[in-house]
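Chemist: Predicted coordinates and the sequence they were generated for:
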Amino acid sequence: MPDISPIALAAIIMFFATLIQAIVGFGSGLIAVPLIIPLLGMGSTQAIIAVTGLVTGMSMIWRYRSYMEFKHVWRIIIASIVTIPFGVRIPDVVPRDAALFVLGIIIHAHIFFALVLA
């Protein structure tokens, strides 16, 4: 088997995770994060997920811009601007095990609400 660099493997993982995101509507982080962290570490994984999410989100906004009601979107934008700095600081302040435990609870809750209550 050819030797694949961790970066190339992470790119392949992100491709398939983003493909699942496009088909199902969520899940790129669920698939990519646990597979990329052992390859590149927490910090690089956060950056990759953030950039991929930004590019994917911006392309979806551009594609569906005619269907959006921007008077409702402003609330989300303001909430994001307020809360993003807290999310950036969490890895420096909260112990890794505690952060992963809480993240697991949030992911399971999101799956429950997306699949059962939607």
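Modeler: Sure, I can see it. Numbers count the residues shown, from 1 in each chain.
Chemist: Now for the chain, the helix or strand with the poorest mean pLDDT.
Modeler: helix 70-93 (a mean of 86; mean pLDDT, DSSP states H and E).
Chemist: Can you name every helix or strand that it contacts?
Modeler: helix 42-63 (3 or more Cβ pairs under 8 Å, 6 or more residues apart in numbering; DSSP states H and E). For glycine as for every other residue, the C-beta is placed from the backbone atoms N, C-alpha and C.
Chemist: Neighbours of residue 17, how many?
Modeler: 21 (other Cβ atoms under 10 Å).
Chemist: Helix, strand, or coil at it?
Modeler: Under the three-state scheme (DSSP: H, G, I helix; E, B strand; the rest coil), residue 17 adopts helix.
Chemist: Phi, psi for the spatially most central residue of the chain please.
Modeler: Nearest residue to the geometric centre of the chain (Cα atoms, centre = their mean): residue 29, 4.2 Å. For residue 29, the backbone dihedrals are phi -70, psi -40 (criterion: degrees, to the nearest 10).
Chemist: List of residues touching the least confident helix or strand of the chain?
Modeler: Residues from elsewhere that reach helix 70-93, judged by Cβ atoms under 8 Å, 6 or more residues apart in numbering: 42-43, 46, 99.
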